[in-house]
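In: just to be clear, the model below is a prediction. Sequence and coordinates:
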Amino acid sequence: MIKPARRIATLEESPTLAITAKAKELRARGYDIIGFGAGEPDFDTPENIKRAAVRAIEAGHTRYTPVGGIAELKEAIIEKFKRDNGLDYTPDEVIVSCGGKHALFNLFQVLLNPGDEVIVPAPYWVSFPPMVKLAGGVPRIVETDETTAFKLTAKTLSEKITPRTKAVIINSPSNPTGAAYSPEELEPIAGAALEGGLTVVSDEIYEKLVYEDNGATSMASLSNEMKQSTVVFNGVSKTYAMTGWRIGYAAGPDEIIKAMTRLQSQSTSNPTSISQWAALEALTGPQDFVETMRREFSKRRKLMVEGLNSIEGVSCIMPHGAFYAFANIKAYLGRTFKESAIKDSVDLATYLLEEAEVAMVPGSAFGNDSHMRLSYACSEEDITTGIERIGAALGKLE
Ligand SMILES: *Cc1c(COP(=O)(O)O)cnc(C)c1O
């Protein structure tokens, strides 16, 4: 028998897997399941980007590229940071990886020594704690709730810093809560991070999907000192509906970016050459697609959140960005259906899948058991019908 290594034995299976598998099975059996589980835009990649990929194939861009990305794409990324964030980077301070997820994975591998602590505000993106652990680090979870609109404060951050703390993760706008920090909120957090000598891991992948003012400030843009302490993560997956193309990028001080590039040179090598040319078109071509998608999400956001708040016992704060509603369902935990107890968010998600035929992700996947994540990357019709079904099913609980 082939036995996996100990570090993999401690890698937890995603708690969302069981629900996703069940939804799939029910769909295959002909049930009309409404899906609020999606972690990606329901839009197709824009035509000009697809064309650029076809042209790349025809032009023979089908060989290895420089490990950290083609020069043209790096230049486009540098230009993006200048245009959108007022940040100046050199090519040595930028790396292109196989998705933002891969760039983050690379960072934790090169940043952490065994036992180094990383502060992870909860609710967190599912991959943050396992990535930290796989790199030998220790995730230190800081809980947040509606009282701070699911945002970390300088005070809660400072209280958690120990001599072993190496970094803090800020994901704004956030998956799963949609929380986005204003510059006024980021400033004191940046101050606390600098005081503690921390590296700031700033996941800005939803930067372009914000629905209110002041939700798209890059941590690195606050001051030159912050730029030296921050690694920024972004990518084309969410902004350009390109999740399958696997292109993300990071920018930061050249020593850390060079280390990430060395690691990448010994693992994946370059991200797909064709996808890089497509990403170049995404960043430098017409941008109207992004605004069209953002407006569409903005409409759905209102419909979803108002719908959730109309259900008795459910409350949901208005998310400022991304495409998720994070609804408080605590009132329904501990209830029963036909004598079987709904103990936690997984039980409730399972119940809603079976009884309401609506799929969503239980909050425990994000480190918060009293909530559910409902994605509004779906049609308005699905939102209206799904909300009705959820309301009716919850009404049957005793
Ligand atoms: C989707 C997502 C990413 C990265 O996605 P990639 O497809 O790997 O670029 C990173 N962080 C968060 C919070 C996300 O939701």
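Out: Nice, I can see it. Numbering: from 1, shown residues only.

In: tell me the domain ranges of the chain?
Out: 6-44+289-394, 63-284 (automatic domain parsing).

In: please identify the deepest-packed of those.
Out: domain 63-284 (a mean of 20; mean count of other Cβ atoms under 10 Å). C-beta coordinates here come from the backbone N, C-alpha and C atoms, glycine included.

In: and it, how far from the chain's centre?
Out: In terms of Cα atoms, centre = their mean, to the nearest Å, the centre of domain 63-284 is set 10 Å apart from its chain centre.

In: average pLDDT for that domain?
Out: When pLDDT is averaged along domain 63-284, the result is 97.

In: wait, does that domain contact the ligand?
Out: Yes: counting by Cβ under 6 Å from any ligand atom, the ligand has neighbours in domain 63-284: 99-101, 125, 171, 175, 203, 205, 235, 237-238, 243, 248.

In: now for those residues: which two are most distant?
Out: Farthest pair in the residues of domain 63-284 next to the ligand (Cβ to Cβ) is 171 and 243. Separation: 16.9 Å.

In: after the host helix or strand of residue 263, next one along is what?
Out: For residue 263, the host element (DSSP states H and E) is helix 254-265. Next along the chain after helix 254-265, taking DSSP H and E as the criterion, comes helix 273-284.

In: the inter-axis angle of the helix or strand just after that following helix versus helix 273-284?
Out: Beyond helix 273-284 in the direction of the C-terminus, DSSP H and E gives the next helix or strand as helix 288-309. Here the directions of helix 288-309 and helix 273-284 differ by 80 degrees (axes from the mean of the first three to the mean of the last three Cα atoms, to 10 degrees).

In: show me the contacts for the closest residue to the ligand within the stretch 251-398 of the chain.
Out: Closest to the ligand within the stretch 251-398 of the chain is residue 322: 7.2 Å, counting by Cβ to the nearest ligand atom. Applying Cβ atoms under 8 Å, 6 or more residues apart in numbering to residue 322 gives the contacts 173-175, 178, 206, 209, 238.

In: for residue 386, same thing?
Out: 34, 36, 356, 358, 374.

In: now the end-to-end length of stretch 113-127.
Out: End-to-end distance of stretch 113-127: 19 Å, with Cα to Cα, to the nearest Å as the criterion.

In: do the same with stretch 239-248
Out: 11 Å.

In: for whichever residue of the chain sits closest to the ligand, phi and psi?
Out: Per Cβ to the nearest ligand atom, residue 99 is where the chain lies closest to the ligand, at 2.7 Å. When read as degrees, to the nearest 10, the backbone of residue 99 gives phi 100, psi 160.

In: quick one: residues contacting it.
Out: 235, 237, 246-248, 271.

In: what about 7 Å?
Out: 235, 237, 246-248 (Cβ atoms under 7 Å, 6 or more residues apart in numbering).

In: cool, and residue 321?
Out: By Cβ under 7 Å, 6+ apart, the neighbours of residue 321 are 173, 178, 180, 206, 209-211, 215.

In: now secondary structure too, for the residues you listed, in JSON lines please.
Out: As requested, the contacts of residue 321 are exported to JSON lines (DSSP: H, G, I helix; E, B strand; the rest coil):
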{"residue": "173", "secondary structure": "coil"}
{"residue": "178", "secondary structure": "coil"}
{"residue": "180", "secondary structure": "coil"}
{"residue": "206", "secondary structure": "coil"}
{"residue": "209", "secondary structure": "coil"}
{"residue": "210", "secondary structure": "strand"}
{"residue": "211", "secondary structure": "coil"}
{"residue": "215", "secondary structure": "coil"}
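
In: now do the helices in the chain.
Out: With DSSP state H as the criterion, the chain has helices at 6-9, 16-28, 47-58, 71-85, 100-111, 128-134, 154-160, 183-195, 224-229, 254-265, 273-284, 288-309, 345-351, 380-395.

In: show me what the longest one is packed against.
Out: Using 3 or more Cβ pairs under 7 Å, 6 or more residues apart in numbering; DSSP states H and E, the elements in contact with helix 288-309 are strand 315-316, strand 324-328, helix 380-395.

In: from the contact counts, what lies against the shortest one?
Out: Of the remaining helices and strands, those touching strand 315-316 by 3+ Cβ pairs under 7 Å, 6+ apart are helix 288-309, strand 324-328.

In: need the contact partners of the helix holding residue 263.
Out: So helix 254-265 is contacted by 67-68, 92-95, 97, 106-107, 109-111, 231, 250 (Cβ under 7 Å, 6+ apart).

In: now with 6 Å?
Out: With contact meaning Cβ atoms under 6 Å, 6 or more residues apart in numbering, helix 254-265 is reached by 67-68, 92-93, 95, 106, 109-110.

In: residue 140: which of those is nearest?
Out: residue 109 (18.6 Å).

In: what sits against that closest one?
Out: 135, 263.

In: quick one: it from residue 257, how far?
Out: To residue 257, residue 109 is 13 Å away according to Cβ to Cβ, to the nearest Å.

In: repeat for residue 324
Out: Residue 324 is 30 Å from residue 257, where distance means Cβ to Cβ.

In: likewise for residue 284?
Out: Taken as Cβ to Cβ, the span from residue 284 to residue 257 is 22 Å.

In: got the contact list for the nearest residue to residue 200 once chain neighbours are set aside?
Out: Ranked by Cβ to Cβ, 6 or more residues apart in numbering and with sequence neighbours excluded, the top spatial neighbour of residue 200 is residue 230, at 4.3 Å. Shown in contact with residue 230 (Cβ under 6 Å, 6+ apart): 200, 202, 219-220.

In: switch the cut-off to 10 Å
Out: Neighbouring residues of residue 230 by Cβ atoms under 10 Å, 6 or more residues apart in numbering: 87, 170, 190, 193, 198-202, 218-223, 251-253.
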